[in-house]
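1. coords please:
(chains A and B)
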Amino acid sequence: VIKSLFLPISLVLLPLALAQNADQAERLFNNAATFSGAGKYSEALADYQRIVDEYPKSPWADKALLEIGHYYLNVVQDAARATTYYERIQSQYASSASAPAAFFAKASILEANAQLVDDLDAAGADLIRMLNLYPDNAWTDGALYLLGRINAKTGDLPQALGYLQRLEFGYPNSSYTPDGLLLAAQLTQRHQGARDAVLLLARLQRNFPASSQARHSEALARSLTRFLASEVRYGLDSSFVGNAPKRYAAPSRLAASSDGTISILESKGVTLVSLKGTPPTPSGALKDVVDFARDRNGSLLFVYENRLTQLAGQPLVSLMFNGAQPRKITAAAVDVMGRIYVIDDDSRDVQVFDTLGVHQRSLGVQRPKAIAACRNGVAVVPGDASSVLFFDSRWNRVETLASGLRDIEQIAFDAMDNLYVLCERGGKVLIGDSAGRLRGSIALKSGSLPLKQADSLAVDDSGAIYLADRRGGSVFRLH
Amino acid sequence: MITAMLLLLLLQDEIVSETIQTHAYGDQFERAMALFNSVERDQARPIFLELIQTMEQKGTQDPEDREIYALCLQWLGVLGYPAETDPYFERLVRFDPEYSMAGQKISPKIINHFNALKARLVGTVRFAISEADGAGLVDGAAVWVDGQSAGVIHAGKTTLSTWAGSHRVEVTKPNFETFSTTIAVKAGEEIKVPGILHRKSAELQFVTVPSDVAVYFQNELKGRSSGASPASYAERLVRLGISPAQASEVFSIDEIPPGEYVVRFEKPCYKPKSFKIQMTKVERKSFEPVVLEPAAAYLDVSTAQPSSGIVYLDQERIGSLPISAHQVCPGAKTLRVQFTDGVFQRDLQLEEGKTTQVVAEPLPSLVWFGIQEKEGEKPGEDVEAWLRSLHTWNFRRINPNDTRQVPHDPFDLFFPQGGFNSAAAEVLNRGVHGDLYIAARVVRRKVVIRYLEVAFWSPLSPRTRLYAFDFRELDQLKTLLQNLDGDMPLTRAWLGLQVVKVEGEEGCRVVAVDPAGPAAKLVEEGALIKSCNGVYLDSPTPLTRLVAGREAILEIGGSYIKITPVSTLAELPFHPPSFCPPAMIARLEKTSRYSGNPLVRESARFNQARFQFFVGDFQQAFDTFSTFKLAQTSGIGQGTLHFYQALCFRKLNLQAEASASFKEAQRFPGATLFDADGPKVAFWAQVQE
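-> Prediction:
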């Protein structure tokens, strides 16, 4: 009799128990959210974990997992551990409201940390799955932007532009749209030319006038509008502080970072000049700096013979090649995926490292002379100094630019991927657009400028050119 | 409150009792007369006596009661004839000295007896009253005998009978000193009372044409003229070509001290008239007849597109569309046009002599089923009042339980458990005929947290849109509802040039000039615009705020160039959290049919299709996009339509058709998305293809 009564009673009590569980879980979740808001993360984490462990069937379990994932990602900065929580949501709570957020967060981590194109492809595949599984979810705009970035990195411009168009079309007021328009302008410059690209910037400024992206676009517009003319022209910026003779001690290397800081390598160390206020203060053994580079966000890096450091002196990563640190780095670059390329005088080749400093491969360029990150890869000047070799994100040599080039000293790219070549032993600057077409030249020996020969070249986001005159002790700005 | 109700009940009870008593006098009297006229006439006597006793106790002010009282005395006198007659007849004469038995079915002998008795008790008073200073005979003065009203003076004279003895008589008339005197009346004799009334204040007199005119004296309403004009005005009215029947009786304004005054006359549908008058003497001043001229306003009602509809003005049906030069009274009126698919309503101020032209557009109908409160109390906010206050909608409250109109429970329909039942919704729509349906329900989460779920559905889209608002955040619902009423920027001012702010440059640089735009040939690509309408141009934004048709002045290279922006189609933002898609689709449908501006109609149709696309109604969107063509070569144009059609095809898994439409879109180099300055459709189509 007892047995026969047990089942109906259980059936009656089960929903009641589930409801009570849900209430308990909700209370815990609210507690955890309060703790988290007050910065008491360990208490918050404990409550979230209790929900996952004790009430896995409650409607709060997926939300708790998501919060734990966000905690490891944003507070602990342990992307790998965060990913495991996002994956649990994907597998155990695939139909929950947190699932698209988990897909998006995981893909964002993959995209940010991708070392290989395959990683990017995996992130892209995850996002496409997410868009198919959860149409019109709250993360669709972010997913479209991320897909645009991923395809831009892998070099698939039409695909990238397609996603960015879908973002602007379907989500014109999204917080991702201004960034999407900026990225689309950069890609359009390469795909369609400067005219269409500058119209995107016009739209960005018109539709998001108060955004930081609109302000940043003013510099990019400066670069692009130069390329609207049939021939790119430059004039001397007479107001630039570096013009004065003997202002610097034998300036030999220059770099322009995205925050508007110009770095000048002198015989006595490093000097920073800012066009937008007070320059930052560098740290470290600045006398040993051999060159500059920029990280994937455009921030300044110091290049030493055996390492790369950030502005404050801390190493970017520890580079290991054949079981030891490199010993004779002469130049370096960092691509959009954060991978590090160094010209190593010992191996007389370009060595490639991942973001953790693990050696990946050599590019096979004999006695490389100069290097710069561009597009979705890197450009290298080989030892004969008469060409520029382009490598894509998979490190395949995709293009060689040689026409009319000789005695190349240095190369640089602006934010729109236009190419600037200091060649003919420093007597000439050639300017090419992002599609590789020659669009202008500056003959320093013509006498129209106060220097006959430059020793180094840098280009800022607005396309302004900086030239170092070692003997004269000056740095000139052409705009 | 309860006390007031009890008082009312008591009062009501009293009123009812009084009415019953009055009826009782009449009934009792009739019963007595029935007996009087029968063979048992003596049995009427106690009833007459009881009536007299009761009426004397309660008083007899009512004319009908007075008449019953007099008749009771008369018939008691008749019944007692001859022995007991005199006391009753004497009381009767005292009660009414003017009483006469002439014409009644009473024996002449008894009448003669009564008349003889009356002659022994009553004398006659003959008044002859004139105004002082030979101003004429008095008319309309009241006569009082011992404080009791006794008659009215006509043409200076009146005659009355009164009990023999000494009496105080008074003659009163507004604007005159009271005439009073004491007279000694002798039975059976006539006494003459000559008198003169002395004027003490001025008065105004007039008749109005027409009658029923409001008369204001110093802005104070003194009354309305009424009746028909007296014969004394007939000649003057005829002289003015007015029939006396059209005029009112004399209207007087009395007791006017000397001074200057304004008299105003008003009547709806007539032009008001006012006079300034100077009252210097104590006299009667008569106006010429005050003739008001009829006033008329005229009304034209039409639609942008030929449509049928019935036109009502202040609830009165005045005809069918179109209405032309319809004559109406000036003033505030409410115009309502009932279309087959909606209503247009507007408050008008119709001015005298002017024609008001109205282009009617039917407002979409918003049907509200109210709030279902199964899981808790309704919110404190009056959501229905928010809906009622919408101006661009025709609000209708429908009882969800009215099965004649509502064949399906709207709450079950719009908050479905197992999917939305489109067929049932269509049946509901056939019964109610709305453009937008709204139902709400209270959902309780926990004990204190409650949500108001609001469902919107339009027959133009096979989906409901559900919003949930925490009771504590109902302002969000208010904003959403207010947005149903908001402006729809369906067109945009367009200069035909695009500018960008370039770092280090003063002003904005022109990066594109559309050859079909107003700036073509006036501005060149590469030019630097320093200011727009005198305002420094530090971003492209000011150029987006220009108004179509209003000239803009651009400062370029030290010169000032005038350009007038034109109106172009624009895409409405699709943002469901702020703008409810079914509501927007319903409004756009109406706008696309009835707007007076062809460009707005075109844009509304285009945007309706866009909204259908964005909510996921791809087939309906495609069908709508296919119903029209756009002739514009720049901006939103035919290329834009092809682009959207391609997107619809793609959503419907018709890849070949999508590809063909994308290709077709590329044939329109000037077509754009978003607005006329938006991205080129051709490029996007190429990428999407």
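2. So which residue is dead centre in chain A?
-> A:Arg296 (3.8 Å; Cα atoms, centre = their mean).
3. Who are the contact partners of that one?
-> Contacts for A:Arg296 (Cβ atoms under 8 Å, 6 or more residues apart in numbering or on different chains) come out as A:334-338, A:373. Quick note: C-beta positions are derived from backbone N, CA and C, even for glycine.
4. any idea of the mean pLDDT in stretch B:57-76?
-> Taken as a whole, stretch B:57-76 carries a mean pLDDT of 87.
5. Go ahead and measure how far that stretch is from the middle of the chain.
-> Relative to its chain's centre, stretch B:57-76 lies at 49 Å (Cα atoms, centre = their mean, to the nearest Å).
6. A:Glu111 contacts A:Leu146, correct?
-> Yes - the criterion here is Cβ atoms under 8 Å, and A:Glu111 meets it with A:Leu146 at 5.8 Å.
7. What residues does chain B have near chain A?
-> Within chain B, the positions adjacent to chain A are B:498-505, B:509, B:511-512, B:525-526, B:539-541, B:544, B:573, B:575, B:614, B:673-674, B:677-680, B:683-684, B:687-688 by Cβ under 8 Å from any Cβ of the partner chain.
8. any idea how far the nearest residue to A:Leu308 once chain neighbours are set aside lies from chain B?
-> Nearest residue to A:Leu308, sequence neighbours excluded (Cβ to Cβ, 6 or more residues apart in numbering or on different chains): A:Leu316, at 4.3 Å. Taking Cβ to the nearest Cβ, to the nearest Å as the measure, A:Leu316 falls 29 Å from chain B.
9. What is the neighbour count of A:Leu316?
-> The tally of other residues near A:Leu316 (other Cβ atoms under 10 Å in any protein chain shown) stands at 21.
10. ok, it touching A:Phe302?
-> No - between A:Leu316 and A:Phe302 there is no contact under Cβ under 8 Å: 9.2 Å.
11. intersection of neighbour lists for those two?
-> Residues touching both A:Leu316 and A:Phe302 by Cβ under 8 Å, 6+ apart: A:308-310.
12. show me where the stretch 251-400 of chain B has strands.
-> Secondary structure of the stretch 251-400 of chain B (DSSP state E, counting those that start in this stretch): strands at B:251-256, B:259-266, B:273-279, B:284-286, B:290-291, B:297-302, B:309-313, B:316-320, B:323-328, B:331-339, B:342-350, B:355-359, B:365-372, B:394-397.
13. in its sheet, what does the fourth one sit against?
-> Meaning strand B:284-286. Take DSSP bridges as the rule and strand B:284-286 pairs in its sheet with strand B:202-206 (parallel).
14. What residues does chain A have near chain B?
-> So far as Cβ under 8 Å from any Cβ goes, chain A lies against chain B at A:158, A:161-162, A:165, A:168-170, A:172-173, A:192, A:195-196, A:198-203, A:205-206, A:209, A:214, A:217-219, A:221-222, A:225, A:228-229, A:462, A:479.
15. Separate out the buried members of those.
-> Neighbour counting with 16 or more other Cβ atoms under 10 Å in any protein chain shown marks A:161-162, A:165, A:168-169, A:172, A:192, A:195-196, A:198-203, A:205-206, A:209, A:214, A:217-219, A:221-222, A:225, A:228, A:462, A:479 as buried within those.
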